[in-house]
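>>> Quick one, what's the 3D model for this:
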Amino acid sequence: MAENVVLQMRNIHKSFPGVRALQGVDFTLRKGEVHALMGENGAGKSTLIKVLTGVYSKDEGQVSIEGNEVAIHSPQEAQKNGISTVYQEITLCPNLSVAENMYIGRSESICQNWKKMNTDADKILQSLDIPAKATQQLSTCSLAVQQMVAIARAVDTDCKVLILDEPTSSLDEQEVEKLFKLMRDLKGRGVGIVFVTHFLDQVYEICDRITVMRDGQLVGEFEIEKLPRVQLVSKMLGKELDDLSDIQGEYSTYENKEGEAPVFEAEDLCSDAGIKPFNFHIKKGEVNGFTGLLGSGRSESVRAIFGADRITSGNVKMNGKPVKIKKPIDAMKNGIAYLPEDRKRDGIVGDLSVRDNILLAQQVLRGFLKPFSKAESDKIADEYIKLLSVKTASADTPIKSLSGGNQQKVILARWLLTHPEYLILDEPTRGIDVGTKVDIQKLVLKLASEGMSVTFISSELDEMLRTCSRLVVMRDGRMVGELSGQDLNQNKVMNTIAGGDK
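Predicted structure coming up:
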C-alpha cells in the first residue's frame with residue numbers, strides 16, 4: 001500500500017432486509033487531500049460512512065488505517081482509530097461554552113481543570129484560525145463558526161480521517177470560504193478529508209479527487225481536473241447528459257386568456273418578520289421566483305403570502321376577488337400550498353409513515369372527524385409514490401428513514417394531493433442530489449404547463465434562471481427589482497442584488 005494512503009476500504013458489502021445497500025465498494029483516501037464522495041440520494045454514501053464510523057457493521061470487506069486492517073464496531077472505536085465525523089446537523093450543546101463543547105465527554109481531568117481546558121481550547125482555536133473564544137457561549141457563534149468548533153473538537157482527538165457530511169448546506173458564501181480556509185489548513189497538516197456535498201461548484205473549488213457511487217455500487221474514482229462537470233453529473237445519474245442548462249424547452253408555456261386576473265396578487269403586504277410592504281402577483285401557469293442573498297427576505301416574503309408569519313398590513317386577491325389570509329389554513333382553503341425551507345423542522349413528521357405524511361394536508365382540509373379509509377389512503381399513497389418516484393420500502397416506512405431527496409418528494413406529494421392553484425416551493429432542492437433536482441425542476445415546469453402557478457426559491461441562481469420566467473429581487477426585507485425576458489441573466493440579477501433599486 002502506498003505510504004501516503006491513510007484509509008483504504010475494500011470490497012465493502014452491506015445489506016438490510018430486502019435492500020443491498022453496498023455491493024463491493026472500494027474507497028481510498030490519502031493523507032493531506034480533500035476527497036469528494038458523490039452520488040444521488042440513495043447511492044450508498046451515508047451507508048458507507050456509517051460502516052466506516054461503526055454505526056453499521058459491514059457484512060463483508062476490509063477497512064485499513066495507515067496500512068493496518070482494523071475492526072470498527074462503534075463510533076468510539078472509529079474515534080480511537082483517528083476517524084472523526086462532523087454532520088450537517090451540528091450535534092453540539094449551544095448553552096455550553098466553546099471549550100466545554102470541545103472537551104465534553106473526553107478526559108475528566110481536563111474538564112475538571114477549567115483554566116487548563118480554556119487555555120488548551122484557545123490554543124487550538126488560534127492554531128486553526130477559528131474566530132471564537134474558549135469561554136464564549138456556543139449559541140453566540142455563527143453557524144459557520146459552530147461548524148468549525150465541531151471540526152476543532154474532531155481534530156483535537158488526533159484525527160487522521162475527517163468526514164464532513166454536507167457541512168455547507170446552511171452556510172452563506174462568506175461562511176463557506178471560512179470553512180474552506182480551515183479545510184485547506186487541515187489538508188496542509190496531513191489530515192485526509194472526506195467531503196460529502198451536493199454543491200458541484202464547491203467540489204471543483206476545494207477537492208482533489210472524486211469517488212462516485214450509484215445504487216450502492218462504485219462508479220469510479222477520478223482526479224478532479226480530469227472529470228468535467230457534465231461528465232460527473234452523467235456518472236451520478238447513469239445516463240449521458242448533453243446539458244442540464246435548458247429544460248424549459250421540454251414543456252409548453254401555458255397560454256393565459258386575455259384579461260384573465262392573476263391567480264394571486266398582493267398589495268402592500270407586510271409581516272412582522274421584517275418584510276417591508278410589497279406588491280406581487282402571479283399569473284395562471286407562471287413560474288416566478290424570489291431571489292437575493294441569505295437574509296434578504298426571500299423566505300419571509302413567501303411565508304407572508306402563506307400566512308405563516310403574522311401579517312401586519314396589506315390586501316390579497318385570488319383570481320381577482322379579495323380574500324383574507326391571516327394563517328396557513330386560510331391559504332390552504334384558498335388553494336395555496338407551501339413547501340417550507342426547513343423540511344426537517346417545518347415539513348416532515350419524522351415518526352409518521354410515508355403514507356400519513358402524504359395525507360396530512362388533505363386530512364387537515366377535510367377535517368380530522370372524516371378520516372380516510374384504509375383502502376383510500378393506500379390507493380392515494382401508492383399513486384403519489386409512483387408519480388414522484390419516491391424510493392421507499394413501502395408506504396408504511398417512517399419518513400425519517402428516507403433520504404433527504406425522497407423526504408422532499410413526499411412533502412411535494414402532500415401538497416399536490418390538495419390540488420392547489422398556487423404552489424410555493426422554498427428551497428425544494430437544497431441538500432439533495434443532482435438527479436432529484438432535475439426531476440423536481442421538470443415537475444415544476446410540467447405543473448406550470450398544465451396551469452398551476454408556482455413560486456420557486458433557490459439559493460442556486462442557475463437553478464432559478466433555468467426554471468423561472470420572472471424573478472423578484474429582494475434586499476434587506478425589501479423588493480428592489482423585478483426581472484424578466486432579456487434581463488433574466490446572472491449579471492443583471494447580481495447587479496440588482498448589489499445596488500439596484502426599484
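>>> Which stretches in the stretch 401-502 of the chain count as helices?
Counting by DSSP state H, counting those that start in this stretch, the stretch 401-502 of the chain has these helices, from start to end: 404-416, 434-449, 461-467, 490-499.
>>> State the mean pLDDT of the longest one.
Averaging the model's pLDDT scores along helix 434-449 yields 85.
>>> what inclination does it have with respect to helix 404-416?
Helix 434-449 and helix 404-416 meet at an angle of 20 degrees, taking axes from the mean of the first three to the mean of the last three Cα atoms, to 10 degrees as the criterion.
>>> if I look at Ala266, how far off is Ile399?
Note on Ala266: its distance to Ile399, by Cβ to Cβ, to the nearest Å, is 32 Å. For glycine as for every other residue, the C-beta is placed from the backbone atoms N, C-alpha and C.
>>> just to revisit the earlier point, do you know which of the helices of the stretch 401-502 of the chain lies nearest Phe278?
Nearest to Phe278, of all these, is helix 490-499, at 15.0 Å by Cβ to Cβ.
>>> doesn't Ala78 make contact with Ile163?
No: between Ile163 and Ala78 there is no contact under Cβ atoms under 8 Å: 9.4 Å.
>>> residues bridging contact with these two, i.e. touching both?
Between them, Ile163 and Ala78 share these contacting residues under Cβ atoms under 8 Å, 6 or more residues apart in numbering: 52-53, 84-85.
>>> So of these, which two are at opposite extremes in space?
Taking Cβ to Cβ, no two of the shared contacts of Ile163 and Ala78 sit farther apart than Leu52 and Ser84, at 11.0 Å.
>>> intersection of neighbour lists for those two?
78, 161, 163.
>>> any idea how far Ser453 is from the second one?
When you say that, I think you mean Val161. 48 Å.
>>> Could you point out the helix or strand that follows the lowest-mean-pLDDT helix or strand in the chain?
Least confident element among the helices and strands of the chain, by mean pLDDT, DSSP states H and E: helix 108-112 (a mean of 55). Once the chain leaves helix 108-112, the next helix or strand it forms, by DSSP states H and E, is helix 114-127.
>>> which outside residues touch that following helix?
Under Cβ under 8 Å, 6+ apart, the answer for helix 114-127 is 97-100, 102-103, 110-111, 132-135, 149, 152, 155-156.
>>> can you tell me which two in those are farthest apart?
Most distant of the contacts of helix 114-127, by Cβ to Cβ, are Thr135 and Val155, 20.0 Å apart.
>>> Those two: which has the busier surroundings?
Per other Cβ atoms under 10 Å, whichever of Thr135 and Val155 has more neighbours is Val155, with 22 against 14.
>>> can you pull the pLDDT of the nearest residue to the more buried one once chain neighbours are set aside?
Excluding its sequence neighbours, the residue lying closest to Val155 (Cβ to Cβ, 6 or more residues apart in numbering) is Leu186, at 6.4 Å. Per-residue pLDDT puts Leu186 at 91.
>>> ok, and which of the helices of the stretch 401-502 of the chain has the densest surroundings?
helix 404-416 (a mean of 24; mean count of other Cβ atoms under 10 Å).
>>> Name the residues that touch that helix?
For helix 404-416, contacts defined as Cβ under 8 Å, 6+ apart pick out 40-42, 337-339, 343, 347-348, 354, 357-362, 384-385, 387-392, 399-400, 402, 423, 425, 428-429, 431-433, 436, 439-440, 443, 447.
>>> Low-confidence stretches in the stretch 301-450 of the chain?
431 (pLDDT under 70).
>>> Can you show me the strands along it?
311-318, 321-323, 336-339, 422-426 (DSSP state E, counting those that start in this stretch).
>>> Switch these over to CSV; also include mean neighbour count.
Formatted as CSV, these follow (neighbours: other Cβ atoms under 10 Å):
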stretch, mean neighbour count
strand 311-318, 17
strand 321-323, 11
strand 336-339, 25
strand 422-426, 25
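>>> Save these as a markdown table, and put in distance to Phe290 too.
What follows is these, written out as a markdown table (distance: least, Cβ to Cβ, whole Å):
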| stretch | distance to Phe290 |
| --- | --- |
| strand 311-318 | 16 |
| strand 321-323 | 21 |
| strand 336-339 | 13 |
| strand 422-426 | 9 |
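>>> Which stretch among these approaches Gly295 most closely?
Per Cβ to Cβ, nearest to Gly295 of the strands of the stretch 301-450 of the chain: strand 422-426, 14.2 Å.
>>> so that closest one versus strand 311-318, what angle?
140 degrees.
>>> Strand 422-426 packs against which elements?
helix 298-306, strand 336-339, helix 404-416, helix 434-449, strand 453-457 (3 or more Cβ pairs under 8 Å, 6 or more residues apart in numbering; DSSP states H and E).
>>> Restrict that strand to CA atoms and write it as CSV.
The C-alpha atoms that make up strand 422-426 are tabulated as CSV, following Å, rounded to 0.1, in the frame of the first residue of the first chain:
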residue,chain,number,x,y,z
TYR,A,422,-50.7,28.2,-6.4
LEU,A,423,-47.7,26.2,-5.2
ILE,A,424,-44.9,27.9,-3.3
LEU,A,425,-41.6,25.9,-3.2
ASP,A,426,-38.9,27.3,-0.9
